[in-house]
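1. Could you look at this predicted model? Sequence included:
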Number of protein chains: 2
Amino acid sequence: MNEIDYFLNSKERALIKLNYAENENKLDEDIKDILEIINLNDDYFTSSSCSGRIVIIELPSLGNKKEAKFLGKWHRAVKNSEIDYALKSASEGMIWLLAQSPILHIIAKSNISADKMIKIAISSGFKNSGVKSFTNKKVVEICSTERLDVPIGKDGILYCNNQHLDFLIDVSNDIINRSKNKLKLLKKNLDETLLD
Amino acid sequence: MNEIDYFLNSKERALIKLNYAENENKLDEDIKDILEIINLNDDYFTSSSCSGRIVIIELPSLGNKKEAKFLGKWHRAVKNSEIDYALKSASEGMIWLLAQSPILHIIAKSNISADKMIKIAISSGFKNSGVKSFTNKKVVEICSTERLDVPIGKDGILYCNNQHLDFLIDVSNDIINRSKNKLKLLKKNLDETLLD
């Protein structure tokens, strides 16, 4: 199979999966429009993506993400009471509070189209964007630098005091709200650049 | 200037800068050997790099990294007393404790050599490696996912209690020690792959 056929085949399969996720309501509302603009363009299709999230996880050990246990996950700003409730189910391993800015994976048809997408992403504030692979599939990763990664306790015990936890939640919400604004700017820039 | 001449010219200038940094003792000891192996190969040269570090900074606001004020910076595991001492000079803005794994930037001669470098990096545990740019300069970024990004106080006031701060320092040191081990593996893999 030549490179273009491989791209078209992969795009077809990716769109079926995306459609399935949409029907199951598994798609983040905040990036639905963005994925649609990208997928309407012949040069690109999207794979995994996340609109930004706040997470409470338990990790058996540092870097052991495969065995991470999610105690709470929100694709929006959170209330302190939601975090408190999630923390009640902590039992074993390190407890982390994470605030993650959006991440999108886009497969580009050519190096030139990959480069164009990176430029749109960077000009929209996603300064950490780049290409993860470019020999077979040209995979562009759109992401940003703002994040919060805080170990807050261990084995069910919270080391973090209330005042500090409130502060961490404020900063997390700030990261998520900034993320949503960046996504709006990305949508506008994609609109202007791809839908001409 | 054609692409190869541009690469050779840029490499020459980069090596002069590197030599200057080495003479001024501004080079991280832990990655000196790695930079040397890469620069000895005709297909690559290195630009900015960091062997991993623990940092205390003050930020006027979220994302405002340009105006960050460094209160302490260590390219090694730290003692709690060193962090305590650095925190004494906090005065204005958000105080963050960061533990950052190594980051290396390498310019590759071709897409094939860039891809080869990414494969070596990923097989050495630097799972977040990729290409930041590949139309003019092909810039490979070698980096890893482990990190800690914690806002610990504001305007000179620490929100973090002692037990929690000790825990954060432990995790930070763990990240730095793991980083050093990954660098050793990267050196071994570069040795085996590039010096043949």
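-> Thanks, I have the structure now.
2. residue ranges with poor pLDDT in chain A?
-> Within chain A, the segments meeting pLDDT under 70 span A:134-135, A:196.
3. quick one: the strands in it?
-> Per DSSP state E, chain A carries strands over the ranges A:44-50, A:53-59, A:69-74, A:94-100, A:103-108, A:130-133, A:138-143, A:147-154, A:157-158.
4. Please produce a markdown table containing those, extended by mean neighbour count and distance to chain B.
-> C-beta: built from backbone N, CA, C; applies to glycine. Listed next are the strands of chain A as a markdown table, based on neighbours: other C-beta atoms under 10 Å in any protein chain shown; distance: least, C-beta to the nearest C-beta, whole Å:
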| stretch | mean neighbour count | distance to chain B |
| --- | --- | --- |
| strand A:44-50 | 19 | 15 |
| strand A:53-59 | 21 | 11 |
| strand A:69-74 | 16 | 17 |
| strand A:94-100 | 23 | 8 |
| strand A:103-108 | 22 | 11 |
| strand A:130-133 | 21 | 4 |
| strand A:138-143 | 23 | 7 |
| strand A:147-154 | 21 | 5 |
| strand A:157-158 | 12 | 9 |
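5. nearest to residue B:138, of these?
-> Across those, the minimum distance to residue B:138, taken as C-beta to C-beta, is reached by strand A:130-133, at 9.9 Å.
6. from what I can see residue A:110 touches residue A:131, true?
-> No: counting by C-beta atoms under 8 Å, residue A:110 does not reach residue A:131; the two are 11.8 Å apart.
7. Report the set of residues contacting both of these two.
-> residue A:138 (C-beta atoms under 8 Å, 6 or more residues apart in numbering or on different chains).
8. before we move on, back to that, now the strands of chain A as CSV including distance to residue A:80?
-> Listed next are the strands of chain A as CSV, based on distance: least, C-beta to C-beta, whole Å:
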stretch, distance to residue A:80
strand A:44-50, 23
strand A:53-59, 12
strand A:69-74, 12
strand A:94-100, 12
strand A:103-108, 26
strand A:130-133, 35
strand A:138-143, 27
strand A:147-154, 13
strand A:157-158, 13
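9. and of those, who's closest to residue A:86?
-> In terms of C-beta to C-beta, the element of these nearest to residue A:86 is strand A:69-74, at 3.1 Å.
10. Not counting sequence-adjacent ones, nearest residue to residue A:7?
-> In this structure, residue A:7 finds its nearest non-sequential neighbour in residue A:109, 5.3 Å apart by C-beta to C-beta, 6 or more residues apart in numbering or on different chains.
11. quick one: contacts for residue A:180?
-> Residue A:180 neighbours (C-beta under 8 Å, 6+ apart): A:30, A:51, A:52.
12. Chain B: which of those residues is nearest?
-> Nearest to chain B among these, counting by C-beta to the nearest C-beta, is residue A:52 at 13.6 Å.
13. what's the closest non-adjacent residue to that closest one?
-> Leaving out its chain neighbours, the residue that sits closest to residue A:52 by C-beta to C-beta, 6+ apart is residue A:179, at 3.6 Å.
14. and the angle from the longest helix seen in chain A to strand B:94-100?
-> In chain A, taking DSSP state H as the definition, the longest helix is helix A:162-194. Note on geometry: by axes from the mean of the first three to the mean of the last three C-alpha atoms, to 10 degrees, helix A:162-194 and strand B:94-100 are set 70 degrees apart in direction.
15. Could you tell me the angle between the direction of helix A:162-194 and that of strand A:53-59?
-> Relative orientation of helix A:162-194 and strand A:53-59, computed by the same axes, to 10 degrees: 130 degrees.
16. Please compute how far stretch A:113-123 lies from its chain's middle.
-> When distances are taken as C-alpha atoms, centre = their mean, to the nearest Å, stretch A:113-123 is centred 17 Å away from the chain's centroid.
17. That one close to chain B?
-> Yes: Stretch A:113-123 reaches chain B (C-beta under 8 Å from any C-beta of the partner chain) through A:114, A:115, A:118.
18. Alpha carbons of that stretch, in PDB - could you do that?
-> Extracted in PDB, the C-alpha atoms of stretch A:113-123 (Å, rounded to 0.1, in the frame of the first residue of the first chain):
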ATOM      1  CA  SER A 113       0.900  19.800   6.400                       C
ATOM      2  CA  ALA A 114       2.400  18.600   9.700                       C
ATOM      3  CA  ASP A 115       4.500  21.700   9.900                       C
ATOM      4  CA  LYS A 116       1.500  23.900   9.000                       C
ATOM      5  CA  MET A 117      -0.500  22.300  11.900                       C
ATOM      6  CA  ILE A 118       2.400  22.900  14.400                       C
ATOM      7  CA  LYS A 119       2.600  26.600  13.400                       C
ATOM      8  CA  ILE A 120      -1.200  27.000  13.900                       C
ATOM      9  CA  ALA A 121      -0.900  25.300  17.300                       C
ATOM     10  CA  ILE A 122       2.000  27.400  18.500                       C
ATOM     11  CA  SER A 123       0.400  30.600  17.400                       C
END
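19. contacts for it?
-> In this structure, residues lying in contact with stretch A:113-123 by C-beta under 8 Å, 6+ apart are A:43-44, A:106, A:108, A:129-131, A:134, A:138, A:140, A:142, A:186, A:189-190, A:193-194, B:133-135.
20. Which of the residues in that stretch are classified as buried?
-> Judged by neighbour count using 16 or more other C-beta atoms under 10 Å in any protein chain shown, the buried positions of stretch A:113-123 are A:113, A:114, A:115, A:116, A:117, A:118, A:120, A:121, A:122.
21. So the third one versus residue A:25, what's the distance?
-> Here the criterion is C-beta to C-beta, to the nearest Å. By it, residue A:115 lies 34 Å from residue A:25.
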